[in-house]
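Asks: give me coordinates for this.
(chains A and B)
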Amino acid sequence: METDNLYQQRIEKLKRLQESGARVYERSFPGRSLVRDAIDQFAEGREMCLAGRLISLRGHGKSVFADMRDVSGKIQIYLRADTIGKDVFEHVKQIDIGDIVGVRGTLFTTRMGEKTLEVKEFTILVKALREPPLGKSKEDQHWYSLADVETRYRQRYLDLMSNEESRRVFLLRSRIIRCIRAFLDARGFIEVETPMMHPIPGGATARPFVTHHRALDTDLYLRIAPELYLKRLLVGGMEKIYELNRNFRNEGISTRHNPEFTMLELYEAFADYRGIMQLVEEMISTLAREVLGAESIVFKGHTISLAPPWERIPLLDAVRKQTGEDLSPERGEKSAVAIAERLKLQIEGPKTYPKIVDEVVKSLVVPRLVQPTFLIDYPVALSPLAKKKPDNPLLTERFQPFIGGLEVGNAFSELCDPLDQRERFEAQHVDRERGDEEAQRMDEDFIRALEYGMPPAGGLGIGIDRLVMLFSGKESIRDVILFPQLKPEEK
RNA sequence: GGGCGCGUAGCUCAGGGGUAGAGCAACUGCCUUUUAAGCAGUGGGUCGGAGGUUCGAGCCCUCCCGCGCUCACCA
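Replies: This is a model prediction of the structure:
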């Protein structure tokens, strides 16, 4: 017999099953209950029909105990030759860990007190040809499971099979997203979908992915942000809107960055950034209560309270506090360059004022923002889509929320003055000419939309992946994205 | 791209110049209330790859590949 590897052994078992008339690869298994219901509504002698994957086998000659798991939980099943018949028991002898089976039988309690289904009818629904990397477990103890991070990311299905923690994270992610939708829907926001393929990439400072449309013979860009389209909807009279979907940025991959990531963007007409700040505090603390059952989280060993109100610090004050330096825009770019040198900051490419401010904030200020904090009032040069502050035209009504040292969003009172917007794009164009590839591009169609009149509005973007990281305590974005971007696998 | 670390059986991991190991999984036998089932036995490895040093290399050296962390890049 050819049994020199695990795969061949299973192929042989499959053949034996098929030759003995067992039906494997069934179409469906109607009428099954969830394992959780069998446990929760347990009654001695109750008939139950269940289906799931076998995760553990304990053979005893003419009987077999097995643990079977479905989406809702795990239950022990008991297969006796006497009960299911000699012929079917021959099939039982060919089962392996990983097979998916359907069973019908009656519930009973074993001598050891475990709720168990004694099987009367047994069907192999799917024969698994590969061995799942399941560990051994007893109650809450777990001896080993799939640990290799590359395999966990590349073959996420194995990770989900093997690691309870991984299942927990992705269920949490789903609950967070559902809860965000419910929160916004309850406040009168409507969900919209705008293009993922843009003729001009806009709404953020980032490098785009390029693709080509054959029939139109034109390049298109995967969107880096939906912002400019959502604002067009404000012009059209939609007043409270949100979009919850993917953005794509052709930039580095890190524990905090994936090339495609999920963003919530929302706009509320007749609101400004102050109103949006309250919305953010309320939304995230509500999420925590509803999803985690608490208003605090633990991230990187810090206990973080999400209860409003969050601290609000003007950006330049935060810089002054951390570095003693004054990066006010009126002091000019030369002053900023001198500060960058004093602080020994390494800046790639052109040392523009926005880049320096960005770098100082990112490396010296943000890591200290552990408790929820809004940095507010960003210099206009960093914020080409935000409305200027009435008392200081060099600053904008913009804020970013930080939690656990992670930037989780970006928001502002939206710039609705088309003439000002045109000037901002032109200023960005100058940076672009100086070699800043991420500077934003002129979008004439967007300007035209603003010229028809966009109501005053507050807008917000929230990085959903980072929010899930915070809520799940994961320090890598790859642990909260089902299929994170990896190098293609070699043959 | 730089720095640090890792790569050994299907899975989790030991072994750090002298005959490739353990637990689980698998296979054979026994076993009809076990549960990390048990007992007896068996098979399974180009030690990531290629060179080199050595009488002898998972082990030391060089290069390469893959992965992680980190710095850079990047809201």
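
Asks: element containing A:Ile339, please.
Replies: Assigned by DSSP states H and E, A:Ile339 belongs to helix A:332-342.

Asks: that helix: which residues count as buried?
Replies: By 16 or more other C-beta atoms under 10 Å, the buried positions in helix A:332-342 come out as A:335-336, A:339-340. Every C-beta, even on glycine, is put in place using the N, C-alpha and C of the backbone.

Asks: as CSV, the residues you listed with distance to RNA strand B and pLDDT would be great.
Replies: Output for the buried residues of helix A:332-342, formatted as CSV (distance: C-beta to the nearest atom of the strand, whole Å; pLDDT from 0 to 100):
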residue, distance to RNA strand B, pLDDT
A:Ser335, 20, 90
A:Ala336, 15, 89
A:Ile339, 16, 88
A:Ala340, 11, 85
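
Asks: next secondary structure after the helix holding A:Ile339?
Replies: The first helix or strand that comes after helix A:332-342 along the chain, using DSSP H and E, is helix A:353-360.

Asks: quick one: strands adjacent to the lowest-mean-pLDDT helix or strand in chain A?
Replies: Every helix and strand of chain A was ranked by mean pLDDT, DSSP states H and E. The lowest is strand A:141-142, at a mean of 76. With DSSP bridges as the test, strand A:141-142 is paired with strand A:137-138 (antiparallel).

Asks: any chance you could map the helices in the stretch 301-450 of chain A?
Replies: With DSSP state H, counting those that start in this stretch as the criterion, the stretch 301-450 of chain A has helices at A:315-323, A:332-342, A:353-360, A:418-433, A:444-451.

Asks: got it, and the stretch 151-300 of chain A?
Replies: Along the stretch 151-300 of chain A, counting by DSSP H, counting those that start in this stretch, helices occupy A:156-162, A:164-186, A:227-235, A:273-287.

Asks: redo those as JSON lines? Include mean pLDDT and distance to RNA strand B.
Replies: What follows is those, written out as JSON lines (pLDDT from 0 to 100; distance: least, C-beta to the nearest atom of the strand, whole Å):
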{"stretch": "helix A:156-162", "mean pLDDT": "94", "distance to RNA strand B": "7"}
{"stretch": "helix A:164-186", "mean pLDDT": "96", "distance to RNA strand B": "13"}
{"stretch": "helix A:227-235", "mean pLDDT": "97", "distance to RNA strand B": "10"}
{"stretch": "helix A:273-287", "mean pLDDT": "97", "distance to RNA strand B": "13"}
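
Asks: mind checking which of those is nearest A:Leu450?
Replies: A:Leu450 lies closest, by C-beta to C-beta, to one member of the helices of the stretch 151-300 of chain A: helix A:227-235, at 7.1 Å.

Asks: now do the closest one and helix A:418-433, the angle between them.
Replies: Relative orientation of helix A:227-235 versus helix A:418-433 (axes from the mean of the first three to the mean of the last three C-alpha atoms, to 10 degrees): 170 degrees.

Asks: quick check: phi and psi on the residue of the stretch 201-350 of chain A found nearest RNA strand B?
Replies: Nearest residue of the stretch 201-350 of chain A to RNA strand B, counting by C-beta to the nearest atom of the strand: A:Gly252, 2.4 Å away. When read as degrees, to the nearest 10, the backbone of A:Gly252 gives phi -60, psi 160.
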